[in-house]
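Peer 1: return a 3D structure for these sequence lines:
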Amino acid sequence: MNIENIKKLLEHEQFLAIGLTIVISIIILKLKDRIFNRAIKKINRSVKDYKRKITYFKLTSHIINYVIIIIALLFILEMLGFNVTSFIAGLGVVSVIVGLAVQDALKDIIMGFNIIVDNYYSVGDIIKIGDVEGKVVELGVKATKLKDINTDNILVIANRNISQALRISDQLVVSVPVPYDEKTEKIDRLMEIIVAQIKENENVKDAKYLGLSEFEDSAVIYKILIQCSPEYKLSVRRAALRIIKISLDKSNITIPYPQLDVHNV
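Peer 2: I've put the predicted structure just below:
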């Protein structure tokens, strides 16, 4: 194709109309994104269901994307000579639904709405799907994006493949084994000091001493309840265990372990 042919193609009204349709569609999509992003930023994070509101905004944004793209494609097909109106009228609404029902895309969309309506999870929640624990960074019409809390990898899961999701609690219980010969009153005082130190961690929302919990074969078990975002549970647990070990060492308390007595006959 030489320069003259390209020039004639560019001067063709049909080509200009198609180009204009594409440009207008892109502009509308950009404006829509800007409006929705501003609306999401204005959502009060202190409101109880703010995560769900953000999810609704993002899901609606995805739906609008598909609607704009489909309308633009129909306009372009019409300008290319296809009788779009007759095609849609001849196909019929029922035929369209039946045709789409066998496709995975519709299954994704249906499951996506089920996730929202039944409140499986929202954007920002920490959930477990299969063997993956991650933070929901995006809930779309067709897929859910998770950020793995252990590796920071982004995992995209088709909504139709999500049969169940476990929402991870923000509560973490740490067990502290102590020898039987240690006085309970002494351990109670020490645990209060340990809890105060754990609270100083920037990722800890709150911590509470639960008291004596169990009697095991070789130790008395005391427990501490820690509240933190699930994405920080591993690091908070490590920090809490370190504080506990150092505190027990300073108090000359040895963490008990199972022992086996062997008697010679």
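Peer 1: what does the spatially most central residue of the chain show for phi and psi?
Peer 2: Centroid-nearest residue in the chain, with C-alpha atoms, centre = their mean: Val136, separated by 1.2 Å. Note on Val136: its backbone torsions stand at phi -70, psi 110 [degrees, to the nearest 10].
Peer 1: against Leu155, how distant is it?
Peer 2: According to C-beta to C-beta, to the nearest Å, Val136 stands 11 Å off from Leu155. Every C-beta, even on glycine, is put in place using the N, C-alpha and C of the backbone.
Peer 1: tell me, what's touching these two both at once?
Peer 2: 145-146 (C-beta atoms under 8 Å, 6 or more residues apart in numbering).
Peer 1: might one say that the residue nearest to the centre of the chain is in contact with Ile127?
Peer 2: Yes - the criterion here is C-beta atoms under 8 Å, and Val136 meets it with Ile127 at 6.2 Å.
Peer 1: report the beta-bridge partner residues of the residue nearest to the centre of the chain.
Peer 2: Beta-bridge partners of Val136, counted by DSSP bridges, are Leu146.
Peer 1: quick one: residues contacting it.
Peer 2: Contact analysis of Val136 by C-beta under 8 Å, 6+ apart lists 121-127, 144-146.
Peer 1: ranges for the helices of the chain?
Peer 2: Secondary structure of the chain (DSSP state H): helices at 3-11, 13-41, 50-79, 84-91, 93-101, 104-117, 184-199, 233-250.
Peer 1: who's in contact with the last one?
Peer 2: Just to be clear, that refers to helix 233-250. Under the contact criterion C-beta under 8 Å, 6+ apart, helix 233-250 has outside partners 149-150, 168, 172, 174, 176, 178, 190, 193-194, 197-198, 201, 203-204, 224, 226, 228, 254-255.
Peer 1: could I get the buried residue list for that helix?
Peer 2: The neighbour-count criterion (16 or more other C-beta atoms under 10 Å) identifies 233, 236, 239-240, 243-244, 247-248 as the buried residues of helix 233-250.
Peer 1: can I get the CA coordinates of it in CSV?
Peer 2: What follows is helix 233-250, C-alpha atoms only, in CSV (Å, rounded to 0.1, in the frame of the first residue of the first chain):
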residue,chain,number,x,y,z
LYS,A,233,-0.2,-12.0,61.5
LEU,A,234,3.1,-13.8,60.8
SER,A,235,5.3,-10.8,61.6
VAL,A,236,3.2,-9.9,64.7
ARG,A,237,3.4,-13.5,66.0
ARG,A,238,7.2,-13.6,65.6
ALA,A,239,7.5,-10.3,67.4
ALA,A,240,5.2,-11.5,70.2
LEU,A,241,7.1,-14.8,70.7
ARG,A,242,10.4,-12.9,70.9
ILE,A,243,9.0,-10.6,73.6
ILE,A,244,7.7,-13.6,75.5
LYS,A,245,11.0,-15.5,75.3
ILE,A,246,13.0,-12.5,76.4
SER,A,247,10.6,-11.8,79.3
LEU,A,248,10.7,-15.4,80.5
ASP,A,249,14.5,-15.5,80.3
LYS,A,250,14.8,-12.3,82.4
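Peer 1: what angle do that helix and helix 184-199 make?
Peer 2: Calculated by axes from the mean of the first three to the mean of the last three C-alpha atoms, to 10 degrees, helix 233-250 forms an angle of 140 degrees with helix 184-199.
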